[in-house]
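Chemist: Sequence unavailable; structure follows:
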């Protein structure tokens, strides 16, 4: 069995993917035209070219990301983007996905929480019926906003509390440390949310931010978290507490290979629960799960057993029932041994 076939057939889960980063070029252009939003790109070729973000990549990526999500302007758009992504999960043999969504960027454009989330939930239900993919929601704080807005978002989400599993935090980390939103995380914990937060790669004060997430916010997972490796005490802590790290080996057209594979392999060898995820698959050359994992397998020194180990970690870290976890893991182990 060749590399692509092995990865394509593997039952998968994904724990770190942003809904607003799943706008495929055809839908991006369609919604831009329907909603009269100028994104500065008129063809798919121009979209792919715009995704070759110059260094430093993160601020340029975020500028692109927030420009594109403005095409989601009416309730039906939230349905369409969600439903299309769930279909793509089916096509990539993703059995379960935990989708992050960022209400704040839409609220500030006058789109109510209800108009966003009710359509996303309708698409989740229809997608499960049509494609058999299990979906959980992780609501993300935009860390560039005021802490009071995070509390307001939690209150707006309260009518839908049973439908939203987790709280996360994303966007530009510079001058926005995790404990800026300590009160919101404390409230979310009181309300029963599972907790995660982004600690991006190569940012100022990365190890301190990871410590804040673990010791002050009390997260169960860290999204990215590469710089755990910079501090032996953090390595010991994530191993002891079984904190999962949802890494994303995304790359741009200019990158010669998937990024950060050496450190990710080291995490795996240390026994850290590290998984591979796509982050924003419509906004990076790494694309969706099958393509991303096949490229990692082909262009790194890792083998099939490593890919299975990453996926085993992801199922172990997923916020699903033990019964559902056992079912997925059994399917994965049967596939790996076949």
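Modeler: Happy to help now that I have it. Since this is a predicted model, take the numbers as computed values, not measurements.

Chemist: what's the following helix or strand after the longest helix along the chain?
Modeler: Ranked by number of residues, the top helix in the chain under DSSP state H is helix 113-131. Along the chain past helix 113-131, the next helix or strand (assigned with DSSP states H and E) turns out to be strand 134-142.

Chemist: pLDDT (mean, whole number) over that next one?
Modeler: Taken as a whole, strand 134-142 has an average pLDDT of 98.

Chemist: gap between that strand and the chain center?
Modeler: When distances are taken as Cα atoms, centre = their mean, to the nearest Å, strand 134-142 is centred 9 Å away from the chain's centroid.

Chemist: how about the strands in the stretch 201-338 of the chain?
Modeler: In order along the chain, the stretch 201-338 of the chain carries the following strands (DSSP state E, counting those that start in this stretch): 221-224, 244-247, 274-276.

Chemist: my guess is residue 18 contacts residue 279, does it?
Modeler: Yes - the criterion here is Cβ atoms under 8 Å, and residue 18 meets it with residue 279 at 6.7 Å. In short, each C-beta sits where N, CA and C put it, glycine included.

Chemist: Nearest residue to residue 258 in space, please, no chain neighbours.
Modeler: Once its chain neighbours are removed from consideration, residue 258 has its nearest residue in residue 249; the separation is 4.2 Å (Cβ to Cβ, 6 or more residues apart in numbering).

Chemist: repeat for residue 62
Modeler: Once chain neighbours are set aside, the closest to residue 62 by Cβ to Cβ, 6+ apart is residue 172, at 5.8 Å.

Chemist: Contacts only, for the residue nearest to residue 258.
Modeler: Counting by Cβ atoms under 8 Å, 6 or more residues apart in numbering, residue 249 makes contact with 258, 259, 260, 261, 264, 276, 286, 292, 296.

Chemist: how about these in CSV, adding pLDDT, neighbour count and distance to residue 158?
Modeler: Converted to CSV, the contacts of residue 249 look like this (pLDDT from 0 to 100; neighbours: other Cβ atoms under 10 Å; distance: Cβ to Cβ, whole Å):
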residue, pLDDT, neighbour count, distance to residue 158
258, 90, 22, 40
259, 89, 20, 39
260, 89, 17, 38
261, 92, 18, 41
264, 96, 26, 37
276, 98, 27, 34
286, 96, 24, 36
292, 96, 26, 35
296, 95, 24, 40
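
Chemist: Go through those and flag which are in helices.
Modeler: By the criterion of DSSP H, membership of the contacts of residue 249 in helices covers 261, 264, 292, 296.

Chemist: Neighbours of residue 44, how many?
Modeler: Using other Cβ atoms under 10 Å as the criterion, residue 44 is surrounded by 13 other residues.

Chemist: circling back: can you list the strands of the stretch 201-338 of the chain in JSON lines and add distance to residue 41?
Modeler: As requested, the strands of the stretch 201-338 of the chain are exported to JSON lines (distance: least, Cβ to Cβ, whole Å):
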{"stretch": "strand 221-224", "distance to residue 41": "27"}
{"stretch": "strand 244-247", "distance to residue 41": "29"}
{"stretch": "strand 274-276", "distance to residue 41": "29"}
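
Chemist: looking at those strands, which is closest to residue 215?
Modeler: Judged by Cβ to Cβ, the one of these that comes nearest to residue 215 is strand 221-224, at 12.2 Å.

Chemist: in its sheet, what does that closest one sit against?
Modeler: Neighbouring strands of strand 221-224 in its sheet, by DSSP bridges, are strand 194-199 (parallel), strand 244-247 (parallel).

Chemist: which residues touch that strand?
Modeler: Around strand 221-224, the neighbours that count as contacts under Cβ under 8 Å, 6+ apart are 15-16, 168, 170, 195-201, 210, 213-214, 228, 238, 243-248, 317.

Chemist: in what helix or strand does residue 13 lie?
Modeler: For residue 13, the enclosing helix or strand under DSSP H and E is strand 12-18.

Chemist: Now do that strand against strand 194-199, angle only.
Modeler: Counting by axes from the mean of the first three to the mean of the last three Cα atoms, to 10 degrees, strand 12-18 points 60 degrees away from the direction of strand 194-199.

Chemist: ok, then the element right after strand 12-18?
Modeler: As the chain continues past strand 12-18, the following element, by DSSP H and E, is helix 25-34.

Chemist: Show me what that next one is packed against.
Modeler: Packing partners of helix 25-34 (3 or more Cβ pairs under 8 Å, 6 or more residues apart in numbering; DSSP states H and E): helix 44-50, helix 75-91.

Chemist: Relative to residue 30, which of those is closest?
Modeler: Each of the helices and strands packed on helix 25-34 has some distance to residue 30 by Cβ to Cβ; the shortest is helix 75-91, at 8.8 Å.

Chemist: Tell me the buried residues in the closest one?
Modeler: Within helix 75-91, the residues that qualify as buried by neighbour count (16 or more other Cβ atoms under 10 Å) are 75, 77-86, 88-89.

Chemist: Let me see the mean pLDDT of it.
Modeler: Predicted confidence along helix 75-91 averages 98 (mean pLDDT).

Chemist: And for stretch 171-186?
Modeler: For stretch 171-186, mean pLDDT is 96.

Chemist: ok, now how distant is the residue nearest to residue 62 from residue 66?
Modeler: As judged by Cβ to Cβ, to the nearest Å, residue 172 and residue 66 stand 10 Å apart.

Chemist: Right, I'll leave it there.
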